[in-house]
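Colleague: sequence first, predicted coordinates after that:
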Amino acid sequence: MDVQGSGYGGHRSSSSTSGAAILAAFIPTFLSAVVYLVIFVALRNRVPKHYAPRTFLGTVPEKDRTPAHHASGAGWFHDFRSLPTKFVLQHSSLDAYLYLRFLKFVIAVCFIGCCLTLPILLPINASGGGSASQLDKLTFSNIDKNSYLWAHTVVAWVFFSGLMILIARERLLVIGTRQAYLLADQHAEKLSARTVLFMNAPRDAVLPEQVKTIFGEDAERSWPVRDAGDLEALVQQRNGAAMQLESAEYDVIVQGAKNSGRNTNSASTAENGSNGSHPVPKSQRPSTRQPPLVGRKQDAITLHRTKVVDLSKRVDAHRASPARGVPGETAIFVVYRTQAAAHRAYETTGFKIPVIPLEDRYLDVQPKEVLWSNVAMPMPKRVSKASLGLAFVIAFTIFFSIPVGLVGSISNVQYLADQVKWLRFVNDLPDWVLGLLTGLLPPFIVSWFVSYVPKLFRRKHIHEPLDFHQHY
């Protein structure tokens with residue numbers, strides 16, 4: 001049989017550079033990993049405020065601190081290994097616990113899969129009768145004997161069946177764990193555990209006297225989402241001014257400490273930005289221009305402090321304004337007497353139009369998970385934005401495969417060089433250059449390219465009614 005012209009292994013070139021490609025990808029990755037690991041080990045114990053804040057900070061209650069029995073050396077790794085996963089469930093969140101369990105599950109599947117497939121399939125591929133060389137000889141493409149394909153079929157079915165059994169087991173464990181977590185007193189006693197957020201509620205449903213009539217006898221209290229107008233924008237401006245004020249005051253404290261070091265005999269003063277040990281001259285205080293670039297230079301602390309006070313007054317006045325009415329159709333938070341009553345209401349009560357596939361209620365919602373500007377959004381606007389967002393994701397997924405496919409073709413550039421004349425110069429390149437071209441360049445470009453995907457999707461998600469952050 002002419003394996004070069006036909007057969008499963010015939011498309012491989014006899015002058016394979018798979019070994020050089022693997023080394024070209026492995027060596028830079030391994031060296032960068034070692035560098036980052038050495039830097040982390042060197043800094044981990046020296047900067048505990050960044051790497052282990054929950055083990056010692058006084059702002060964390062004693063019962064919530066992460067246990068740390070070894071404060072020096074490599075003892076932190078022992079503490080990390082000995083920390084039970086249930087500790088995360090008790091001190092963080094259900095999402096964090098399930099994410100850690102998912103990572104362990106993936107590691108276990110990969111390890112079991114390697115132990116099952118590699119000892120069986122690598123020898124079969126190597127003796128498959130193909131003409132591949134180097135590491136290509138260990139791949140599926142080197143098999144030129146039909147009978148050898150049964151080994152791949154049997155191993156695939158065994159691995160897939162075992163994987164399905166493990167997934168079914170994990171599903172049952174997740175259901176049991178979630179039920180136990182939700183029913184635990186520590187969670188069930190929270191106000192959010194008894195609260196349901198209903199979307200698209202009509203005006204009659206948000207009236208206080210209609211709460212028990214529409215949402216059930218177990219409903220205790222309700223909070224309709226009112227028209228906040230530009231309140232959120234004012235709050236964001238106030239928070240930004242507060243951060244700028246904090247940054248400016250920190251710069252003054254640092255400058256005061258430097259001045260104190262230069263002249264330890266100076267009298268201390270608390271005015272003019274002093275840190276308690278030495279005053280800071282006006283020329284050294286942070287300044288800003290209003291308007292920017294072309295305006296008059298002003299003291300940054302005074303300016304931002306005045307802005308914070310002014311914005312705080314505007315926010316308070318806006319909140320107390322009687323003009324903040326309830327729209328004709330809005331969202332409403334309803335608190336029930338028990339957690340079970342809240343779950344029953346979640347399953348039976350709703351205001352969604354059947355033909356519109358849009359989520360109309362949420363259970364166990366916490367304030368930090370809500371995008372308030374989207375909650376009060378009218379249904380037509382929510383539906384249109386959700387539809388546009390879904391269309392964007394579908395279109396982006398389709399078109400994203402095009403550049404990824406083009407980049408992936410670089411890894412098989414030798415085969416392309418045999419088919420396309422103007423690429424035949426590739427065959428004359430040294431092996432180490434071909435290794436970099438086929439082994440390191442494609443994954444590097446793809447990883448750089450896909451790093452922009454979360455940013456684009458994050459911009460899309462800001463239009464969703466709720467933003468359920470995963471606390472991992």
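Modeller: Done, it's in.

Colleague: not counting its neighbours along the chain, what's nearest residue 318?
Modeller: Once flanking residues are discounted, residue 318 sits nearest to residue 231: 5.1 Å by Cβ to Cβ, 6 or more residues apart in numbering. C-betas here are computed from N, CA, C, even on glycine.

Colleague: now swap in residue 128 and tell me
Modeller: residue 143 (3.4 Å).

Colleague: same thing with residue 202?
Modeller: Taking Cβ to Cβ, 6+ apart, and ignoring the residues beside it in sequence, residue 202 has residue 329 as its nearest neighbour in space, at 5.9 Å.

Colleague: tell me, how many residues neighbour the one you found?
Modeller: 18 (other Cβ atoms under 10 Å).

Colleague: repeat that for residue 221.
Modeller: 12.

Colleague: ok, it - contacts?
Modeller: The neighbours of residue 221, taking Cβ atoms under 8 Å, 6 or more residues apart in numbering as the test, are 211, 334-335.

Colleague: list phi and psi for the residue nearest to residue 128.
Modeller: For residue 143, the backbone dihedrals (degrees, to the nearest 10) come out as phi -80, psi 120.

Colleague: separation between residue 343 and residue 179?
Modeller: Remark: distance between residue 343 and residue 179 (Cβ to Cβ, to the nearest Å) = 11 Å.

Colleague: who has more neighbours, those two?
Modeller: Using other Cβ under 10 Å, the more surrounded residue of residue 343 and residue 179 is residue 343, with 17 against 10.

Colleague: the closest residue in space to residue 163 that isn't next to it in sequence: neighbouring residues, count only.
Modeller: Nearest residue to residue 163 in three dimensions, chain neighbours excluded: residue 109, at 6.4 Å (Cβ to Cβ, 6+ apart). Residue 109 is flanked by 15 other residues according to other Cβ under 10 Å.

Colleague: likewise for residue 455?
Modeller: With other Cβ under 10 Å as criterion, residue 455 counts 8.

Colleague: which SS state does it fall under?
Modeller: Assigned by DSSP: H, G, I helix; E, B strand; the rest coil, the conformation of residue 455 is helix.

Colleague: kindly report the same for residue 217.
Modeller: coil.

Colleague: and for residue 259?
Modeller: On the basis of three-state DSSP, residue 259 is classed as helix.

Colleague: and what of residue 59?
Modeller: coil.

Colleague: tally of neighbours for it?
Modeller: 6.

Colleague: could you do the one 4 residues further on as well?
Modeller: By other Cβ under 10 Å, 7 other residues sit near residue 63.

Colleague: kindly report the same for residue 42.
Modeller: Neighbours of residue 42 under the rule other Cβ under 10 Å: 10.

Colleague: the one 10 residues further on too?
Modeller: Taking other Cβ under 10 Å as the neighbour definition, residue 52 ends up with a count of 19.

Colleague: how much space between it and residue 40?
Modeller: Distance, residue 52 to residue 40, by Cβ to Cβ: 12 Å.

Colleague: residue 149 now?
Modeller: In this view, residue 149 and residue 40 are 45 Å apart by Cβ to Cβ.

Colleague: ditto for residue 279
Modeller: Residue 279 is 41 Å from residue 40, by Cβ to Cβ.

Colleague: what about these two, which has more around it?
Modeller: With neighbours defined as other Cβ under 10 Å, residue 279 and residue 40 compare such that residue 279 has more, 20 against 10.

Colleague: for the more buried one, which three-state class applies?
Modeller: Under three-state DSSP, residue 279 comes out as coil.

Colleague: correct me if wrong: it contacts residue 257.
Modeller: No. Counting by Cβ atoms under 8 Å, residue 279 does not reach residue 257; the two are 11.9 Å apart.

Colleague: on that earlier part again, in CSV: the contacts of residue 221, plus neighbour count.
Modeller: Supplementary listing: the contacts of residue 221 in CSV, determined by neighbours: other Cβ atoms under 10 Å:
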residue, neighbour count
211, 19
334, 28
335, 19
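
Colleague: if we can go back for a sec, which ones are touching the residue nearest to residue 202?
Modeller: 200-203, 378-379.

Colleague: give me the nearest residue to residue 289, chain neighbours excluded.
Modeller: residue 295 is the one closest to residue 289 (Cβ to Cβ, 6+ apart), at 4.3 Å.

Colleague: what about that neighbour, distance to residue 238?
Modeller: Distance from residue 295 to residue 238, counting by Cβ to Cβ: 21 Å.

Colleague: compare neighbour counts for these two and give me the winner.
Modeller: residue 238 (19 against 10).

Colleague: check which helix or strand covers the more buried one.
Modeller: Using DSSP states H and E, residue 238 falls within helix 231-262.

Colleague: buried stuff in that helix?
Modeller: Judged by neighbour count (16 or more other Cβ atoms under 10 Å), helix 231-262 contains these buried residues: 231, 234-235, 237-238, 241-242, 244-245, 248-249, 251-253, 255-256, 259-260.

Colleague: mind saving the C-alpha coords of the helix or strand following it as PDB?
Modeller: Later in the chain than helix 231-262, the nearest helix or strand by DSSP H and E is strand 287-290. Only the C-alpha atoms of strand 287-290 are listed here, as PDB (Å, rounded to 0.1, in the frame of the first residue of the first chain):
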ATOM      1  CA  SER A 287      -3.800  70.300  42.200                       C
ATOM      2  CA  THR A 288      -6.100  70.100  39.200                       C
ATOM      3  CA  ARG A 289      -7.400  72.400  36.500                       C
ATOM      4  CA  GLN A 290     -11.000  73.400  36.100                       C
END
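
Colleague: can you point out the buried residues in strand 287-290?
Modeller: Neighbour-count burial for strand 287-290 [16+ other Cβ under 10 Å]: residue 287.

Colleague: off-centre distance for the helix or strand just after that strand?
Modeller: Reading on from strand 287-290 to the C-terminus, the next helix or strand found by DSSP H and E is strand 296-299. Distance, stretch centre to chain centre, for strand 296-299: 40 Å (Cα atoms, centre = their mean, to the nearest Å).
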